[in-house]
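Engineer: Return atomic coordinates for the entry below.
(one chain, ligands or ions: 1)
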Amino acid sequence: MTPRIGIAGASGRMGRLVAEEARARGLPIAGGICRPEEAGAVPAGVALLPGIAALAAAADVVIDFTHASTIPAHAGAIAAAGCGWVLGTTGLAAADEAAIAAAAARAPVVRAANFSTGVALVLELAARLAAALPAEGYDAEILEMHHRQKVDAPSGTALALGAAVAAARGQDLAAVAESGRHGATGARKPGAIGFAALRGGQIVGEHSLLFTSGAEQITLTHRAFDRRAFAEGALRAALWLRARPAGLYGMADVLAG
Ligand code: NAD
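Structural biologist: Numbers count the residues shown, from 1 in each chain. Next up, the predicted model:
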């Protein structure tokens, strides 16, 4: 069955592209939601629905690129409707993670801080490198750059890279993360995972993970030139999701087929 796609954030940079890519694939768009003041930016032909409950009832899969503040309401509506949820919103708090887990107990959810195929592969490579390079000898640092409108830092993708490194090294990311160093910081702590966030212009998304020892450096870099990479991945996830039972999945599951 061809899934009907609902677009949460239909007026946004990502939502508009999701609509374009869904149309290009011949997928029906059940409707969209956005902030009322942005209704004029919703693509022509996408029906604006009154809220997330109406969207979740009308769609088989909701593709969601909105804002962290929407998570409690969106998770509740998805759980009530039991429809699929492809969640790309970043900048979430711990309480949001619990709400997503509760929704995933009742509905199939694919969540990724970055829906591009390239980043999914970089995350796998990051884990392999981190497992092979001891934390005491190889300092892990993550650098990300994004457009000036981005509202959260470090980016969700940078945090996902940090989580992949920490998990492979048996560390708790929250305990070893060092973010936004400034002033008399003292020497770098052994085993720390460092984050630096740069903002400017219209950079779509750049991430580098560096492992540096006293003798060598290994760098993994991903550059997104076009948000279409994320929209395509989100639609791939939506098509994959329609036949799945309730649960929380990631892009690695989608790519594994
Ligand atoms: P944007 O500001 O261009 O669009 C945000 C959209 O969400 C708008 O349509 C806005 O009206 C809507 N929105 C905001 N608050 C809302 C609310 N309370 N109720 C209903 N709609 C609401 O942002 P964007 O660049 O499209 O990014 C959106 C989110 O997706 C951000 O969190 C961003 O970091 C994330 N993102 C994730 C990926 C990924 O691959 N996972 C890629 C790009 C962006």
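Engineer: if I look at whichever residue of the chain sits closest to the ligand, how far off is Ala41?
Structural biologist: For the chain and the ligand, the shortest gap (C-beta to the nearest ligand atom) falls at Gly12, measuring 2.1 Å. (C-beta placed from N, C-alpha, C; glycine too.) Per C-beta to C-beta, to the nearest Å, Gly12 is found 8 Å from Ala41.
Engineer: Give the intersection of the neighbour lists for those two.
Structural biologist: Cys34 (C-beta atoms under 8 Å, 6 or more residues apart in numbering).
Engineer: Show me which of those two is the more surrounded one.
Structural biologist: Taking neighbours as other C-beta atoms under 10 Å, Gly12 and Ala41 compare with Gly12 leading, 20 against 14.
Engineer: Quick check: phi and psi on the more buried one?
Structural biologist: Main-chain torsions, Gly12, degrees, to the nearest 10: phi -90, psi 170.
Engineer: what does the one 4 residues further on give?
Structural biologist: In terms of degrees, to the nearest 10, the main-chain angles of Arg16 are phi -60, psi -40.
Engineer: Isn't it up against Ala41?
Structural biologist: Yes. Using C-beta atoms under 8 Å, Arg16 is in contact with Ala41, at 7.3 Å.
Engineer: next SSE after the longest helix along the chain?
Structural biologist: Taking DSSP state H as the criterion, the chain has its longest helix at helix 117-132. Following helix 117-132 in sequence order, the next helix or strand is strand 139-146 (DSSP states H and E).
Engineer: quick one: contacts of that following strand?
Structural biologist: With C-beta under 8 Å, 6+ apart, strand 139-146 has contacts from 130, 153-155, 157-158, 161-162, 165, 188, 192-200, 203-213.
Engineer: quick one: it to helix 117-132, angle?
Structural biologist: 160 degrees (axes from the mean of the first three to the mean of the last three C-alpha atoms, to 10 degrees).
Engineer: Just checking the distance from strand 139-146 to the centre of its chain.
Structural biologist: 16 Å (C-alpha atoms, centre = their mean, to the nearest Å).
Engineer: Next: stretch 239-251.
Structural biologist: 15 Å.
Engineer: Next: stretch 200-216.
Structural biologist: The answer for stretch 200-216 is 18 Å, by C-alpha atoms, centre = their mean.
Engineer: how about that stretch: buried residues?
Structural biologist: In terms of neighbour count (16 or more other C-beta atoms under 10 Å), stretch 200-216 has its buried residues at Ile203, Val204, Gly205, Glu206, His207, Ser208, Leu209, Leu210, Phe211.
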